[in-house]
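**Student:** Here is a sequence with its predicted model. Questions after.
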Amino acid sequence: MFRREVLPPLEIQRKPPRDRGSMKKGDCDTMKKFLALILTLAMALSVTACGGSDDTVDDTADGEGSGTEETADYASMTDDELKAAITTVEGGKLTVATSPDFAPYEFYAIDENGDPQLAGFDMDLAQYIADYLGLSLEIVPMDFDGTIMELQNGNVDLGMAGYSPDPKRADSMDFSDIYITGGQSFVCVESNKDLFTSLEDANNADYQIGAQVGSIQADLAHENTPDADIIELAKVPDIIAELVTGKLDGAFIETMVAESYATQYPELCLVLEVPYDAEGSVVGVTKGNAALLEGVNRAIAAAKEDGSFDQYVLTANELASGDIIEGLVDENGEAVQ
C-alpha cells in the first residue's frame, strides 16, 4: 500500500501593495513624456485650425466669402459709372421736396395764362441736377418743416428749400456743397427802423419777433432775442403780412429772400445784419446716399462753371418781382390759405 506523501503547502509571495499616491521615478518620467506628447499634438492642431481661418478671411476680403462689400469710391468714378451706381426712391426719377414760399429760391410765378408755375433758382437747379444724372424730375411742394421730415424718413431723394448747413440737421440729411452764399437779416417796417440800432434793442419782452417754423431764422431769433415774444409761422409770406400790418415788430429772414420781398413791399427795411457762421445754402440729400451726393455735387459744380446757375438767379429775381404766389396752391391753382 502506497502512502500519499503530503507536500508542504505552496508558499505564495505577495508584493506589498503600491501606494496610490506614489509612483516610481521611471514611471513618472514616462508619464511626463506622454503628457508632453499630447500637449504638442494639441498645439499643432490649433495652429492648423488658425491657418484655415486665415484662408477664409482672405477669401472674404477678395469678395468670394460672405463678408461686407468694400465702400465704393464714388469720387473716382466716371460720370457714366456714377449714374449707374445711383439709387433713388423711385427708379429713373429724382424726387425733390420743396417749400415754395421762399422767393427767389422757390415760389409760384403766374404765367401769361394766369396759371401758377413753380419757379425759382432752386427749381431750375433741381431740373439741371436731374438732367445731369439722366433722371426725370418730380417736385413735391409742402411746408418747410415737412421737407426735412420727408428727407429724414427717406420718402424723397433731395430737399431744396434754401437750407443752411446747420449741424443740427446733420442727423436728418447729408449736405451738398454750398451753391449760393448769403446772409441773414433782421427786418422791420421803415417806420420802426430807428427802434432797432442793434439786435440787443430787439431783445425786449415788449416786442413780437417773427421767424419761420423749423428754420435757421427761428434758431437765430431764439439765440439773439430770447426775451422777446417770438412768433413762429409756417410760411414766410405770413411773416411779411404780419410785419406790414404791424402785428409783428420785426422778423429774422434770409437776406436774399428779404430783399426780394422788399421789392414788392417798399415799407420793408433790412435794418440789421445778423451774424451767422454758415452763410450759404445747400441741397439736402437723403442720409447715407453717397452716390447721389457725389452726383449732386458734380451737377452743382457744372451748373456754376457753365454759367447756368448765374442765369437761374437772374431769372428768379426777375420773376419774383412780378405776379407770384408764395406758399402752396390747390389743384385749381389757387393759393392755400
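**Tutor:** Perfect, I can see it now.

**Student:** Please count neighbours and contacts with C-alpha atoms only from this point.
**Tutor:** OK.

**Student:** For residue 207, give its distance to residue 243.
**Tutor:** 12 Å (CA to CA, to the nearest Å).

**Student:** Out of these two, name the residue with the larger neighbour count.
**Tutor:** Set residue 207 next to residue 243 and count neighbours by other CA atoms under 10 Å: residue 243 wins out with 22 against 18.

**Student:** and the more buried one, what pLDDT?
**Tutor:** pLDDT for residue 243: 97.

**Student:** OK, contacts around it?
**Tutor:** 188-189, 249-251 (CA atoms under 8 Å, 6 or more residues apart in numbering).

**Student:** Let's have those residues in TSV, adding pLDDT, secondary structure and distance to residue 108.
**Tutor:** Listed next are those as TSV, based on pLDDT from 0 to 100; DSSP: H, G, I helix; E, B strand; the rest coil; distance: CA to CA, whole Å:
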residue	pLDDT	secondary structure	distance to residue 108
188	98	strand	25
189	98	strand	25
249	98	coil	27
250	98	strand	25
251	98	strand	23
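
**Student:** hang on, the earlier thing: please enumerate the shared neighbours of residue 207 and residue 243.
**Tutor:** Joint contacts of residue 207 and residue 243 (CA under 8 Å, 6+ apart) are 249-250.

**Student:** what ranges do the helices span in the stretch 201-337 of the chain?
**Tutor:** 216-224, 236-244, 255-264, 290-305, 308-320 (DSSP state H, counting those that start in this stretch).

**Student:** Tell me how many other residues crowd residue 97.
**Tutor:** By other CA under 10 Å, 26 other residues sit near residue 97.

**Student:** which residues of this structure score low on pLDDT?
**Tutor:** For the chain, applying pLDDT under 70 flags the ranges 1-71, 337.

**Student:** And the chain, split by domain according to the record?
**Tutor:** 76-181+280-325, 184-274 (automatic domain parsing).

**Student:** Using JSON lines, lay out those domains together with distance to residue 333.
**Tutor:** Putting these into JSON lines (distance: least, CA to CA, whole Å) gives the following:
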{"stretch": "domain 76-181+280-325", "distance to residue 333": "6"}
{"stretch": "domain 184-274", "distance to residue 333": "17"}
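
**Student:** between those, which gets nearest to residue 331?
**Tutor:** domain 76-181+280-325 (10.6 Å; CA to CA).

**Student:** I'd say residue 98 and residue 147 touch.
**Tutor:** Yes. Here residue 98 reaches residue 147: they are 6.1 Å apart, a contact under CA atoms under 8 Å.

**Student:** if you count what's nearby, which of those two comes out ahead?
**Tutor:** Legend: neighbour count by other CA under 10 Å for residue 98 and residue 147, higher for residue 98 (26 against 23).
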